[in-house]
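Visitor: Below are the sequence and a predicted model; questions follow.
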Amino acid sequence: MTSSPARSQRVAVVIPAKDEAERIAATVRAARAIPHVDLVLVVDDGSEDDTQHAARRAGAVVVRHSVNRGKASAMETGASVVAMRDVEGAAARLLLFIDADLAETAVATSPLVPPVVAGTADCTIAVLPPQPGAGGRGIVTGLARKGIERATGWHATQPLSGQRCLTREAFDAATPLARGWGVETGMTIDLLVSGFTVQEVPCDLRHRASKNDLAGQLHRGAQYRDVTLAIGARRVRGVRVPTSRRGDNPARQRPGRPYRAWSDAPAEGSAATPETPETPTSPEE
Ligand SMILES: O=c1ccn([C@@H]2O[C@H](COP(=O)(O)OP(=O)(O)O[C@H]3O[C@H](CO)[C@@H](O)[C@H](O)[C@H]3O)[C@@H](O)[C@H]2O)c(=O)[nH]1
Ligand SMILES: O=C(O)[C@H](O)COP(=O)(O)O
């Protein structure tokens, strides 16, 4: 599954951003310092503040949704724009998705890149340290973790983490993306079911964590809804790795270890082609 891109492999950072004028400039500047990065793309998802101008001033390429379409849609737009800027005949850029609110700490997503460049993982996912002021009780996180584990056998530490580096091939296999806040959960299931290798990587990041106030609870309600839909859509379509064909030992499931869900995954993501009635079709929403 994993290939070995050249050392010259280029990386595009894609930053979905909605009303992030306060932090986007610092995030863009930090992203530009990540090794291998030659393109920082901000997708302004219908912001009502100065996000697009602040991002441009900080050196990003900016595209904009005229109306808000949600994070997953911004990621798809970003990936399409990067593809248009990839050089014909050269390797497609790796995609490094990061949130707009990381500010200076965005550079600490750098460790996500080397395993994908080296080909030991097709998708890396950041594991963040405990965040000051975070007010969650782990309900949405638990829902996403359980959904991924039921479908693939993988126990994700931080299933909602949106800081992810992946190959173009892996991204394409995971599209269309699950809507809104279900995007990470759906992507992880689709990648593992398609035979790709994922790896969690500890990264020293700080973001604006949701508090335990009304806004925070409403946000978690929307996350719960979208994660439920992403899991449900895959369950209905039978997108899962059959228990009898699951591979890696649960003992291997910890940050820093690449994980592949199939014991006998066919090469190059072709596990998504039906072989048995239990094997899924393509990962569509
Ligand atoms: O309609 C929207 C809303 C948000 N965003 C951007 O999406 C990112 C994540 O949003 P945020 O408000 O920071 O959400 P959190 O709850 O803090 O996000 C956690 O949980 C999400 C999944 O529910 C993941 O996408 C995030 O990576 C993870 O940090 C930020 O860059 C936002 O600007 C959009 O592009 N469009
Ligand atoms: O605050 C968070 O970590 C997310 O909003 C998820 O909430 P949770 O605590 O219910 O998993």
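Guide: Structure received. Predicted, not measured: the structure shown is a model, and the values here were computed from it. Ligands and ions are numbered 1, 2, ... in the order given.
Visitor: Just the CA atoms of stretch 8-15, as PDB, please.
Guide: Written as PDB, here are the backbone C-alpha positions of stretch 8-15 (Å, rounded to 0.1, in the frame of the first residue of the first chain):
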ATOM      1  CA  SER A   8      11.700  16.200  -2.600                       C
ATOM      2  CA  GLN A   9       8.000  15.400  -1.900                       C
ATOM      3  CA  ARG A  10       6.000  18.600  -1.600                       C
ATOM      4  CA  VAL A  11       3.200  19.200   0.900                       C
ATOM      5  CA  ALA A  12       0.200  21.500   0.800                       C
ATOM      6  CA  VAL A  13      -1.200  22.700   4.000                       C
ATOM      7  CA  VAL A  14      -5.000  23.100   3.800                       C
ATOM      8  CA  ILE A  15      -6.700  25.200   6.400                       C
END
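Visitor: can you give me the offset of that stretch from its chain's centre?
Guide: 14 Å (CA atoms, centre = their mean, to the nearest Å).
Visitor: Around ligand 2, which positions in this structure sit nearby?
Guide: Applying CB under 6 Å from any ligand atom, one finds that the chain approaches ligand 2 through 134, 136-141, 160, 209-210, 219-220, 223. No exception for glycine: its C-beta is placed from N, CA and C like everyone else's.
Visitor: filter those residues by proximity to ligand 1?
Guide: Counting by CB under 6 Å from any ligand atom, the subset of the residues of the chain next to ligand 2 that neighbours ligand 1 consists of Leu160, Ser210, His219, Gln223.
Visitor: who's in contact with the last one?
Guide: Gln223 makes contact with Val140, Leu160, Trp181 under the criterion CB atoms under 8 Å, 6 or more residues apart in numbering.
Visitor: Over to it: give its phi and psi.
Guide: Backbone torsions of Gln223, given as degrees, to the nearest 10, read phi -60, psi -40.
Visitor: Equivalent analysis for the second one, please.
Guide: For Ser210, the backbone dihedrals (degrees, to the nearest 10) come out as phi -70, psi 140.
Visitor: if I look at the residue of the stretch 151-285 of the chain found nearest ligand 2, how far off is Ala33?
Guide: Using CB to the nearest ligand atom, Ser210 is the residue of the stretch 151-285 of the chain that sits closest to ligand 2, at 4.1 Å. Distance, Ser210 to Ala33, using CB to CB, to the nearest Å: 27 Å.
Visitor: For the closest residue to Arg257 other than its chain neighbours, which three-state class applies?
Guide: Nearest residue to Arg257 in three dimensions, chain neighbours excluded: Gln199, at 6.6 Å (CB to CB, 6 or more residues apart in numbering). Look at Gln199: counting by DSSP: H, G, I helix; E, B strand; the rest coil, its state is strand.
Visitor: surely Gln199 meets Val127?
Guide: No - applying CB atoms under 8 Å as the test, Gln199 and Val127 come out as separate, 10.2 Å apart.
Visitor: if you go through the stretch 51-200 of the chain in chain order, where are the strands?
Guide: With DSSP state E, counting those that start in this stretch, the ranges of strands along the stretch 51-200 of the chain come out as 61-65, 94-97, 123-127, 164-166, 197-202.
Visitor: looking at those, which is buried most?
Guide: Of all the strands of the stretch 51-200 of the chain, strand 164-166 carries the top mean neighbour count, a mean of 28, counting by mean count of other CB atoms under 10 Å.
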